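K.L.:
Requesting a structural model of the entry that follows:
(one chain, ligands or ions: 2)
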Amino acid sequence: GTEPLGEGASLLHGFARDAAPALLAAMHGVLDQAPLRHWQTSGGYTLGVAMSNCGPVGWVSDARGYRYQPIDPLGNAPWPALPPCFAELARAAAAAAGYPGFEPDACLINRYERGTRLSLHQDRNERDFAHPIVSISLGLPAVFLFGGAARSDKPRRFRLEHGDVAVWGGATRLAYHGIAPLAAGTHPLTGPYRYNLTLRRAR
Ligand code: MD3
Ligand code: FE
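P.N.:
Numbers count the residues shown, from 1 in each chain. Ligands and ions are numbered 1, 2, ... in the order given. As a prediction, this is how the structure comes out:
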């Protein structure tokens, strides 16, 4: 079923469940070329979520700040290509949520383990906020924190499970959001991890 999350956002329960094994195989192919790493921030912190990218551009963070760029600074090579199964699933989910014609040019891969959290933030490094973001949850479940337009708005909590797909557009595109510390567990397809794929139109 589809659950409205807010103005312009939808949670598609289980939308990626059947595709999950193929998505995970393609993801591991990407990670063989562009390994997961912990970015440094301009404030001198290290992000707890392990990250990588695929597609024409990828999201990076370093002493100079956050941005999208075509080169993986770890290997000084272009990011791996966006697997067609990623783009197809994102396009279908966006269309189902009311955003036809979504063509992502970036996919951020996030990996969480027990205790990893993502503190409240906005996604604002993309050029045009009219494009939605499609997020695919794989492996262990997480508690998603969904705030409002101001950091001080009290977040609502949603459980995100293996195969859930969320589409974020409209008024929610700039909402504050995060992930509560991951509970320990073991998933048959991902072991001790939760992966999240976010497909974006960055440029
Ligand atoms: C709401 N990722 O990569 S996915 C991120 O589970 C990020 O790894 C989380 O926040 C994760 O930036 C949450 C759900 C999500 C993704 C992007 C959004 C929600 C969003 C952008 C705008 C509003
Ligand atoms: Fe985000």
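
K.L.:
Let me see the ranges of the helices in this protein.
P.N.:
Ranges of helices in the chain, per DSSP state H, are 20-33, 84-96.

K.L.:
For the residue nearest to D153 when sequence neighbours are not counted, give its distance to T172.
P.N.:
Nearest residue to D153 in three dimensions, chain neighbours excluded: G147, at 4.7 Å (C-beta to C-beta, 6 or more residues apart in numbering). C-beta here means a position set from N, CA and C on the backbone, and glycine is covered the same way. Distance, G147 to T172, by C-beta to C-beta, to the nearest Å: 10 Å.

K.L.:
Same check on G29?
P.N.:
From G29 across to T172, the span is 31 Å (C-beta to C-beta).

K.L.:
Which of these two has more residues huddled nearby?
P.N.:
For G29 versus T172, neighbours defined as other C-beta atoms under 10 Å are more numerous around T172 (22 against 13).

K.L.:
P4 is in contact with the more buried one, correct?
P.N.:
No. T172 is beyond contact range of P4, at 10.0 Å (criterion: C-beta atoms under 8 Å).

K.L.:
So which residues on the protein come close to ligand 1?
P.N.:
Where the chain comes near ligand 1, counting by C-beta under 6 Å from any ligand atom, the residues are 108, 110, 118, 123, 133, 135, 166, 168, 172-173, 175, 177, 179, 196, 198.

K.L.:
Swap in 8 Å and give it another go.
P.N.:
By C-beta under 8 Å from any ligand atom, the residues of the chain that approach ligand 1 are 9, 49, 59, 108, 110, 112, 118, 121-123, 133, 135, 137, 142, 144, 146, 160, 166, 168, 172-175, 177-179, 194, 196, 198.

K.L.:
hey, which helix or strand in this structure has the poorest pLDDT?
P.N.:
strand 2-6 (a mean of 85; mean pLDDT, DSSP states H and E).

K.L.:
Now do the buried residues in it.
P.N.:
Within strand 2-6, the residues scored as buried using 16 or more other C-beta atoms under 10 Å are 5-6.

K.L.:
elements contacting it?
P.N.:
Counting contacts by 3 or more C-beta pairs under 8 Å, 6 or more residues apart in numbering; DSSP states H and E, strand 2-6 is packed against strand 9-12.

K.L.:
now could you export just the CA positions of stretch 124-137 as PDB?
P.N.:
In PDB, the C-alpha atoms belonging to stretch 124-137 read as follows (Å, rounded to 0.1, in the frame of the first residue of the first chain):
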ATOM      1  CA  ARG A 124      20.000  21.000  -0.500                       C
ATOM      2  CA  ASN A 125      23.100  20.400  -2.600                       C
ATOM      3  CA  GLU A 126      20.900  19.600  -5.700                       C
ATOM      4  CA  ARG A 127      20.400  22.300  -8.300                       C
ATOM      5  CA  ASP A 128      16.600  22.100  -8.800                       C
ATOM      6  CA  PHE A 129      14.400  21.200  -5.800                       C
ATOM      7  CA  ALA A 130      11.400  20.600  -8.200                       C
ATOM      8  CA  HIS A 131      12.900  17.100  -8.800                       C
ATOM      9  CA  PRO A 132      11.900  14.500  -6.200                       C
ATOM     10  CA  ILE A 133      14.400  12.200  -4.300                       C
ATOM     11  CA  VAL A 134      13.600   8.500  -4.300                       C
ATOM     12  CA  SER A 135      14.900   6.400  -1.400                       C
ATOM     13  CA  ILE A 136      15.100   2.600  -1.300                       C
ATOM     14  CA  SER A 137      15.600   0.800   2.000                       C
END
